[in-house]
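Enquirer: can you look at this prediction? I've put the sequence above it.
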Amino acid sequence: MQITVTFRHVEPTAALRTYAEEKLERVKKYLRRPIDAHVILSVSKERHVAEITLNADHQTMFAQEETHDLYSAI
C-alpha cells in the first residue's frame, strides 16, 4: 500500500505520519488490492481536518473529519 501524507499549515512530525499510516493499515485487510492512499492533515485556528482518499480496485473512497484534535480527526 502506497500512503502519501500531506501537511497543510501544520508542522510535519513523524508521530502524526506514523499514526495516520497505522490507522490506514487497518483498512488494508478489507480490500483485496489497495493501490494508494492520500492523507491530507490541515489546521486553521481551532479547526483540525483530516481528509483521506483511498483508491483501490476501480473504487475511490473519501473521508473527511473535523475536530479540535488532529489525532482524533484521523
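Expert: Okay, I see it. Numbering: from 1, shown residues only.
Enquirer: assign Glu66 to helix, strand or coil.
Expert: strand (DSSP: H, G, I helix; E, B strand; the rest coil).
Enquirer: and it, what pLDDT?
Expert: Per-residue pLDDT puts Glu66 at 94.
Enquirer: what do you get for Pro34?
Expert: Note on Pro34: pLDDT of 67.
Enquirer: one more: Leu16?
Expert: pLDDT, Leu16: 91.
Enquirer: wait, it touches Ala73, no?
Expert: No: at 10.6 Å, Leu16 and Ala73 do not qualify as touching, with contact defined as CB atoms under 8 Å. Every C-beta, even on glycine, is put in place using the N, C-alpha and C of the backbone.
Enquirer: name the nearest residue to Ser42, ignoring sequence neighbours.
Expert: Arg8 (3.7 Å; CB to CB, 6 or more residues apart in numbering).
Enquirer: dump the residue contacts of the one you found.
Expert: Arg8 is in contact with Ile40, Leu41, Ser42, Val43, counting by CB atoms under 8 Å, 6 or more residues apart in numbering.
Enquirer: from these, which single one is nearest Tyr30?
Expert: Ile40 (21.7 Å; CB to CB).
Enquirer: the closest one belongs to a helix?
Expert: No: judged by three-state DSSP, Ile40 forms no part of a helix; its state is strand.
Enquirer: that one touches His48, doesn't it?
Expert: No: contact status for Ile40 versus His48: not in contact, 11.8 Å apart, counting by CB under 8 Å.
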